[in-house]
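K.L.:
Mind folding the following:
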Amino acid sequence: MSATEFGRAGELQNALTVDQHGIEPIPVADRDSTAWQQFWIWCGANITPTSWVVGAIGPELGLSLVQSIFLMLIGQAAGALIFGFFTLMGNRTGVSQLALGRMAFGRRGNNIPSILQALITLSWIGLNTYVVLNLATYCLHRLGLPNNHAVEYAVAAFIMVFQIAVGTLGFYAIRTFEKWTVPVLAVVMAVMTVLAFAKGHIVWNHSTVHGAALWSAGSEFMTAVGIGWGFSWVAWASDYSRFTRAGTTERKLYWASSIGTFIPIIWLGILGAAMASSSTNSDPAQLVASLFGVMTIPVLVVIMHGAVAVNVESVYSAPLCMLAGGIKLKRWVGSLLTGLIASGVLVAFLASTKFANSFTNYMNSFVIWTAAWGAISLVDYCVIHVGRADVEALFDAPQKSRYGDVRWDSLFALLVGLVAGWAFEYGSVSLFRGPISVATNGADFSWLTAILASGLVYCGLTRKRLKRGRAVVSASEAPVPEPAET
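P.N.:
Numbers count the residues shown, from 1 in each chain. Next comes the predicted model:
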């Protein structure tokens with residue numbers, strides 16, 4: 001089916017047909033997504049067991065449940081609200097997120113962050129699948145299956161094949177999958193929440209850290225679960241919002257995307273923190289078994305769905321990063337390649353728990369990458385180019401594009417942001433424990449320093465372009481007219 005034929009086909013037919021779009025602007029006829037559908041896409045991506053597992057980090061660090069909830073509300077709200085602005089870029093331009101990075105980094109300068117983001121994305125696929133396997137196999141064990149490697153590999157294979165299939169089909173399949181499954185899963189999660197608070201022994205105000213230790217634990221929790229969790233989606237925001245239909249106002253899209261991200265991460269984060277508030281055992285499988293034993297099958301469905309719902313978006317977006325990085329291949333071929341590599345990562349995790357734990361510690365430290373890259377991209381689009389893009393120039397030859405070939409000022413600002421973020425980071429491994437964080441007893445403000453350093457340095461190095469961007473707006477950068485409220 002050709003690209004423009006999607007506009008005339010039904011939803012199910014579109015979902016079962018391979019989406020041929022790459023990083024180029026989506027034709028108007030193919031942009032049929034509503035703000036409500038965008039809500040379900042982002043809600044589905046975050047209704048995952050990982051969200052409640054990371055919520056338990058607060059009590060594990062010694063924070064009380066009240067303290068954990070307070071920090072999650074602030075951090076996750078901030079991350080989700082920032083994320084919403086990135087969705088507007090795709091709506092205005094019809095272009096994928098990393099392709100829009102060419103505005104800031106240049107036609108070929110953008111290859112570096114794009115390929116790095118692709119590698120991070122496909123690594124997350126293997127990691128997200130691995131995280132839920134312990135939960136899934138434990139539930140299957142309670143249903144009578146043996147708790148061994150054969151079952152673990154079988155579950156892993158089932159999840160990987162299904163999520164690769166949906167992600168390879170593309171946006172329309174993902175939209176339909178999230179639209180019809182997430183509401184059902186939300187009901188199950190609501191029952192789980194009631195059980196957790198009814199059966200569990202919830203301890204609201206018990207904290208084991210005070211003074212400087214409380215400050216350090218709070219900053220670490222804010223980085224990992226607050227800002228890091230919601231903000232981490234910014235690199236893929238436009239990949240999905242570029243499909244929104246004409247007539248969808250930016251206000252509707254912004255709030256649908258932001259709230260669709262915020263609700264599940266704060267909901268499940270609070271659930272995870274509550275589950276762990278009185279437990280000395282941080283094993284998620286044990287926590288699930290103690291609270292939800294009567295709902296083993298529904299909980300198993302939630303767990304399996306959670307892995308698929310988050311990873312289908314990674315399977316789809318990773319090849320878009322590759323394309324934006326100058327690697328020439330069809331998007332669906334890139335999705336298959338992504339699935340193959342991610343499967344290899346997963347097998348490595350299953351073969352060595354030590355390797356999996358070490359790799360997880362390194363991946364958790366990449367919040368500074370997203371913070372630095374996101375700050376430059378947002379400043380460039382919203383401030384330097386005042387919310388406008390010359391879409392054709394994004395795909396011009398490097399020598400002809402108005403955005404240049406390699407923007408060294410942007411890459412330098414990115415490097416400064418990464419170094420500044422590292423200096424204030426207190427990661428799980430010594431390599432990611434910066435000198436300033438160590439000197440302040442583990443206080444972690446890596447996300448904030450990465451955002452401020454990269455954004456401010458980029459503004460300073462491009463002040464001439466900043467002046468031109470405010471004074472002159474070319475016809476090719478004219479904003480998309482805001483449609484009337486419907």
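K.L.:
Any buried residues in stretch 245-253, and which?
P.N.:
Of the residues in stretch 245-253, 245, 248-250, 252-253 count as buried by neighbour count, 16 or more other CB atoms under 10 Å. Quick note: C-beta positions are derived from backbone N, CA and C, even for glycine.
K.L.:
ok, which pair from these is furthest apart?
P.N.:
Pairwise distances among the buried residues of stretch 245-253 were taken by CB to CB; the largest, 12.9 Å, belongs to 245 and 250.
K.L.:
so where is this protein shaky, pLDDT-wise?
P.N.:
Residues of the chain that meet the criterion pLDDT under 70 lie in 1-9, 226-228, 279-296, 353-365, 464-486.
K.L.:
Nearest residue to the most centrally placed residue in it in space, please, no chain neighbours.
P.N.:
Centroid-nearest residue in the chain: residue 233, 2.8 Å away (criterion: CA atoms, centre = their mean). In this structure, residue 233 finds its nearest non-sequential neighbour in residue 83, 5.4 Å apart by CB to CB, 6 or more residues apart in numbering.
K.L.:
what number of residues lie near that neighbour?
P.N.:
Per other CB atoms under 10 Å, the neighbour tally for residue 83 reads 24.
K.L.:
In which helix or strand does it reside?
P.N.:
Here residue 83 sits within helix 65-93, counting by DSSP states H and E.
K.L.:
Quick check: which helices or strands does the following helix or strand past that helix pack against?
P.N.:
Remark: after helix 65-93, the chain's next helix or strand is helix 97-100, criterion DSSP H and E. Counting contacts by 3 or more CB pairs under 8 Å, 6 or more residues apart in numbering; DSSP states H and E, helix 97-100 is packed against helix 65-93, helix 111-142, helix 237-241, helix 296-324.
K.L.:
is it true that residue 15 touches residue 179?
P.N.:
No: with contact defined as CB atoms under 8 Å, residue 15 and residue 179 do not form a contacting pair (9.5 Å).
K.L.:
Go through the buried residues of stretch 245-253 and flag which are in strands.
P.N.:
Among the buried residues of stretch 245-253, no member falls in strands (DSSP state E).
K.L.:
how distant is the helix or strand encompassing residue 447 from the center of its chain?
P.N.:
With elements taken from DSSP H and E, the one containing residue 447 is helix 446-461. Helix 446-461 has its C-alpha centroid displaced from the chain centroid by 21 Å (CA atoms, centre = their mean, to the nearest Å).
K.L.:
Output it as PDB - backbone C-alpha positions only.
P.N.:
Taking C-alpha atoms only, helix 446-461 is exported to PDB below (Å, rounded to 0.1, in the frame of the first residue of the first chain):
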ATOM      1  CA  SER A 446      23.000  16.200  36.900                       C
ATOM      2  CA  TRP A 447      19.800  16.800  34.900                       C
ATOM      3  CA  LEU A 448      19.600  20.500  35.900                       C
ATOM      4  CA  THR A 449      23.200  21.300  35.200                       C
ATOM      5  CA  ALA A 450      23.100  19.400  31.900                       C
ATOM      6  CA  ILE A 451      20.100  21.400  30.800                       C
ATOM      7  CA  LEU A 452      21.400  24.800  32.000                       C
ATOM      8  CA  ALA A 453      25.000  24.300  30.800                       C
ATOM      9  CA  SER A 454      24.100  23.100  27.300                       C
ATOM     10  CA  GLY A 455      21.200  25.500  26.800                       C
ATOM     11  CA  LEU A 456      23.100  28.600  28.000                       C
ATOM     12  CA  VAL A 457      26.300  27.700  26.100                       C
ATOM     13  CA  TYR A 458      24.400  27.100  23.000                       C
ATOM     14  CA  CYS A 459      22.600  30.400  23.300                       C
ATOM     15  CA  GLY A 460      25.800  32.200  23.800                       C
ATOM     16  CA  LEU A 461      27.600  30.600  20.900                       C
END
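K.L.:
between that helix and helix 65-93, what angle do the directions make?
P.N.:
40 degrees (axes from the mean of the first three to the mean of the last three CA atoms, to 10 degrees).
K.L.:
Please list the outside residues in contact with stretch 61-68.
P.N.:
With contact meaning CB atoms under 8 Å, 6 or more residues apart in numbering, stretch 61-68 is reached by 55, 58-59, 71, 202-209, 213-214, 217-218, 220-221, 269-270, 273-274, 277.
K.L.:
what about it, start to end distance?
P.N.:
Start-to-end span of stretch 61-68 (CA to CA, to the nearest Å) is 10 Å.
K.L.:
Residue 367 is in contact with residue 447, isn't it?
P.N.:
Yes: with contact defined as CB under 8 Å, residue 367 counts as touching residue 447 (5.6 Å).
K.L.:
Looking only at neighbour counts, state which of the two leads.
P.N.:
Neighbour totals were compared for residue 367 and residue 447, and residue 447 leads with 29 against 24 (other CB under 10 Å).
K.L.:
mind checking how far that one is from residue 52?
P.N.:
22 Å (CB to CB, to the nearest Å).
K.L.:
again with residue 392
P.N.:
45 Å.
K.L.:
same question, residue 221
P.N.:
With CB to CB as the criterion, residue 221 and residue 52 are 15 Å apart.
K.L.:
Looking at those two, which is more packed in?
P.N.:
With neighbours defined as other CB under 10 Å, residue 221 and residue 52 compare such that residue 52 has more, 31 against 27.
K.L.:
OK, contacts around residue 18?
P.N.:
When contacts are counted by CB under 8 Å, 6+ apart, residue 18 touches 168-170, 332.
K.L.:
Now render the helices and strands packed on helix 97-100 as TSV, adding distance to residue 352.
P.N.:
Below are these laid out as TSV (distance: least, CB to CB, whole Å):
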stretch	distance to residue 352
helix 65-93	31
helix 111-142	11
helix 237-241	32
helix 296-324	20
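K.L.:
Please identify the deepest-packed of the ones you listed.
P.N.:
helix 237-241 (a mean of 28; mean count of other CB atoms under 10 Å).
K.L.:
got the CA positions of it in CSV?
P.N.:
Taking Å, rounded to 0.1, in the frame of the first residue of the first chain, the C-alpha atoms of helix 237-241 are listed here in CSV:
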residue,chain,number,x,y,z
ALA,A,237,7.9,12.9,20.8
SER,A,238,7.6,14.1,17.2
ASP,A,239,7.8,10.6,15.8
TYR,A,240,4.2,10.2,16.8
SER,A,241,2.8,13.7,17.0
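K.L.:
what comes into contact with it?
P.N.:
Under CB under 8 Å, 6+ apart, the answer for helix 237-241 is 33, 38, 41-42, 83, 86-91, 93, 95-97, 100, 171, 174-175, 253, 257, 313, 316-317, 320.
K.L.:
That one: how far from the chain's middle?
P.N.:
On the basis of CA atoms, centre = their mean, helix 237-241 sits 11 Å off its chain's mean C-alpha point.
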